[in-house]
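S.K.: Kindly return the folded structure for what I paste below:
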Amino acid sequence: MRFRHLISILLPLLILLVTFSCKKKTEDYISEPLSDYMPLQVGKYIIYRMDSTVFTNLSTTIEIHKYQVKHEVDAAITDNLGRPSYRVITYIRDSAGTNAWVPNGSYFITPLANQVEVIENNLRYIKMHAPIKPDFNWKGNKYFPDDSYDALCHFNSFDAVWQESDYFYDGDVATSETIEGQTYNNVLTVQEEDITDNTPIYASRIYGVEKYAKEIGLVYRENILWEYQPPGSLPVGTYCGFGIKIWMIDHN
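M.R.: I've put the predicted structure just below:
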């Protein structure tokens, strides 16, 4: 009887101890800083090869145009919310790198304590979010306006889900990976939306992924956003949208 009485006292204490221990381990999870995967300082640059998918011949033909692009941190600034940010200038040239760089636009990066925001083409993304751990997810497009790409394409199938897109850290974080023949250590993969609609008369695709190498920054990015409409006023179907794939070929 004494043994049973002792068990009845110790068992709840043991359960409480295990529960507290598990909870403490969860709360004590220490994430790597986001700045490890997006180092920012004035003068830093990365050069990429870029494949750009465009639709030509009255939007009936798919073509891939090839370039080199350079992203260079131009200045430390303050954004319109009064937060410390960085302005990045982009340049473009032919894929062989034989011509001079030509300015091609700019965007802004705002590193915060628990997330990194990027404003590009008047769209505000949350590119990374703490903590960095497998399968952690967040709403990367939650600041997007309604019908954010409507001027480019109607994207009928995605209007309702685009702002609710889940970004997440895919697979084991900080693993070695070979990208376009170049091997990197400590690669962080951010998986974005991945939707395919392929009905008999209509098709569309939305896909996004970004890969960051520790102490380097963005080394790979792919974004696809297009829809296909069946023949109507034209005897063949038409496309609208775009596709971009970039991978790093040089950096300082």
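
S.K.: List the buried residues of stretch 163-175.
M.R.: 163, 165, 167-169, 173-174 (16 or more other CB atoms under 10 Å). In this view, the C-beta of every residue, glycine as well, is placed from N, C-alpha and C.

S.K.: Nearest to residue 226 among these?
M.R.: Residue 226 has its nearest neighbour among the buried residues of stretch 163-175 in residue 165, at 16.1 Å by CB to CB.

S.K.: For the closest one, report the pLDDT, please.
M.R.: Looking at residue 165, its pLDDT stands at 84.

S.K.: can I assume it is in contact with residue 191?
M.R.: No: counting by CB atoms under 8 Å, residue 165 stays clear of residue 191, with 10.3 Å between them.

S.K.: Now render the buried residues of stretch 163-175 as a markdown table, adding secondary structure and distance to residue 209.
M.R.: As requested, these are arranged in a markdown table below (DSSP: H, G, I helix; E, B strand; the rest coil; distance: CB to CB, whole Å):
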| residue | secondary structure | distance to residue 209 |
| --- | --- | --- |
| 163 | helix | 19 |
| 165 | coil | 12 |
| 167 | strand | 10 |
| 168 | strand | 11 |
| 169 | strand | 11 |
| 173 | coil | 14 |
| 174 | coil | 16 |
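
S.K.: Which one of those is nearest to residue 246?
M.R.: Nearest member of those to residue 246, counting by CB to CB, is residue 167, at 18.0 Å.

S.K.: quick one: that closest one from residue 125, how far?
M.R.: 9 Å (CB to CB, to the nearest Å).

S.K.: Where do the strands of the stretch 151-252 of the chain begin and end?
M.R.: 166-169, 175-179, 182-198, 203-213, 217-229, 238-251 (DSSP state E, counting those that start in this stretch).

S.K.: could you say what helices and strands the fourth one packs with?
M.R.: Okay, so that is strand 203-213. strand 182-198, strand 217-229 (3 or more CB pairs under 8 Å, 6 or more residues apart in numbering; DSSP states H and E).

S.K.: so where's the stretch 1-150 of the chain uncertain?
M.R.: 1-29, 150 (pLDDT under 70).

S.K.: switch the cut-off to 50
M.R.: Within the stretch 1-150 of the chain, the stretches with pLDDT under 50 are 1, 3, 6-7, 20, 22-27.

S.K.: returning to that earlier point: dump the buried residues of stretch 163-175 into CSV; add distance to residue 109 as well.
M.R.: Shown next, in CSV, are the buried residues of stretch 163-175 (distance: CB to CB, whole Å):
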residue, distance to residue 109
163, 21
165, 20
167, 16
168, 21
169, 19
173, 21
174, 21
